[in-house]
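Engineer: A predicted structure for the sequence below; I have some questions about it.
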Amino acid sequence: MQVYADVKQNFIDKVKMYDYLFDYTVNTIDKVSAVQDKIKQLSEDDLINRVLLPLLTRMKFQKVERTPYHGQKEKGLDIRPFHDIDKFGRRIYYGAQVKAIDIHTDSRKEGHAASINNQIQIALNSDFLDYEDNENKRIDKILIITSGKINERTLSYIKSKQNVRSNRRKSTFQFSSEIRTYGSDIAHQKKQKEEIKS
C-alpha cells in the first residue's frame, strides 16, 4: 500500500509543479487565446452544451436549458427562455440564438445577418409557457452569441433592423471574446478555490 501512496503523491507533486510552471510561464493573454482557439473549433451543439449552458448557469441565470429541436419549433432560440431576477425582484426573460460560425452580410453563405434577424423577430414575438406560474410570456431580451466573428457592418445591419421594428424588447449582442474571457475568469477562480482547499 505504501508504494501506491508514494506513486500517487509523486504524481500529485508533478501535476502541481506543471500547474505552477504553467501559471507563471504562460501569460494570461496566451491562456485566453488558447481558450478562444478551442472554442472556435467547437460545433454549435458543443458550444451550447459544453460552454454556454454551464456558463449561463454559473452566471446565476435560472432555468437554463437548450432547445431540444431545430426548425420552426425552436421559435428562433437555441437556448430556451431563461431568466434573471432584477434589483426590483422582477424576472427578466432571456433567450439565446447561438452560432458557431461567423455572422456576416453575405447572403450566399450560412450565418447571414438577414436570417439571424428573422430568428430574432420570431424569438421576440413568440410566446412561451412559464412552467413556474403556468402563464404564457414573451422574452425581454435575446442574446446573439457566436464563437466566430461579427463585423461592425453586420452589427449595424442587425441593429438597424431592430430599430425599424421599434420593439420594446431588446437584442443584446454578446461577442464571443467576452464570453471566452468570462469563461476563463471562472475557470481561474475555480482553480484558485481548489488550491486553497488543498
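Structural biologist: Okay, I see it. Numbering: from 1, shown residues only.
Engineer: got any ranges where the chain has weak pLDDT?
Structural biologist: 1-8, 17-29, 71-73, 163-198 (pLDDT under 70).
Engineer: show me where it has helices.
Structural biologist: Under the criterion DSSP state H, the chain contains helices at 2-25, 28-40, 44-46, 53-58, 113-124, 152-165, 176-197.
Engineer: got the buried residues for the shortest one?
Structural biologist: Of the residues in helix 44-46, none is buried by neighbour count under the rule 16 or more other CB atoms under 10 Å. Glycine gets a C-beta too; all of them are placed from N, C-alpha and C.
Engineer: ditto for the fourth one
Structural biologist: Buried residues in helix 53-58, counted by 16+ other CB under 10 Å: Leu53, Leu55, Leu56.
Engineer: From Thr154, how far off is Ser160?
Structural biologist: According to CB to CB, to the nearest Å, Ser160 stands 11 Å off from Thr154.
Engineer: Quick check: Tyr94 vs Ser107, distance?
Structural biologist: As judged by CB to CB, Tyr94 and Ser107 stand 28 Å apart.
Engineer: okay, the two: which has more neighbours?
Structural biologist: Each of Tyr94 and Ser107 has its neighbours counted (other CB atoms under 10 Å); Tyr94 has more, 21 against 9.
Engineer: what bridges to Ile144?
Structural biologist: On the basis of DSSP bridges, Ile144 is bridged to Gln97, Phe173.
Engineer: Is it in contact with Ile103, as I believe?
Structural biologist: Yes - counting by CB atoms under 8 Å, Ile103 is a contact partner of Ile144 at 7.4 Å.
Engineer: which residues do those two both contact?
Structural biologist: Taking CB atoms under 8 Å, 6 or more residues apart in numbering as the contact rule, Ile144 and Ile103 both touch Ile116, Ile150.
Engineer: So if I had to pick from Ser160 and Thr154, which one is more boxed in?
Structural biologist: Legend: neighbour count by other CB under 10 Å for Ser160 and Thr154, higher for Thr154 (20 against 10).
Engineer: ok, that one to Thr105 distance?
Structural biologist: Distance, Thr154 to Thr105, by CB to CB: 5 Å.
Engineer: hey, what's in contact with both of those two?
Structural biologist: By CB under 8 Å, 6+ apart, the residues touching both Thr154 and Thr105 are Ala113.
Engineer: residue contacts, Gly111?
Structural biologist: Lys99, Ile101, Asp102, Ile103, His104, Thr146, Gly148.
Engineer: Scan those and report the most crowded one.
Structural biologist: Taking other CB under 10 Å as the neighbour criterion, Ile103 ranks highest of these with 24 neighbours.
Engineer: The closest residue to that one other than its chain neighbours - how many residues pack around it?
Structural biologist: Once flanking residues are discounted, Ile103 sits nearest to Ile150: 4.4 Å by CB to CB, 6 or more residues apart in numbering. Per other CB under 10 Å, the neighbour tally for Ile150 reads 20.
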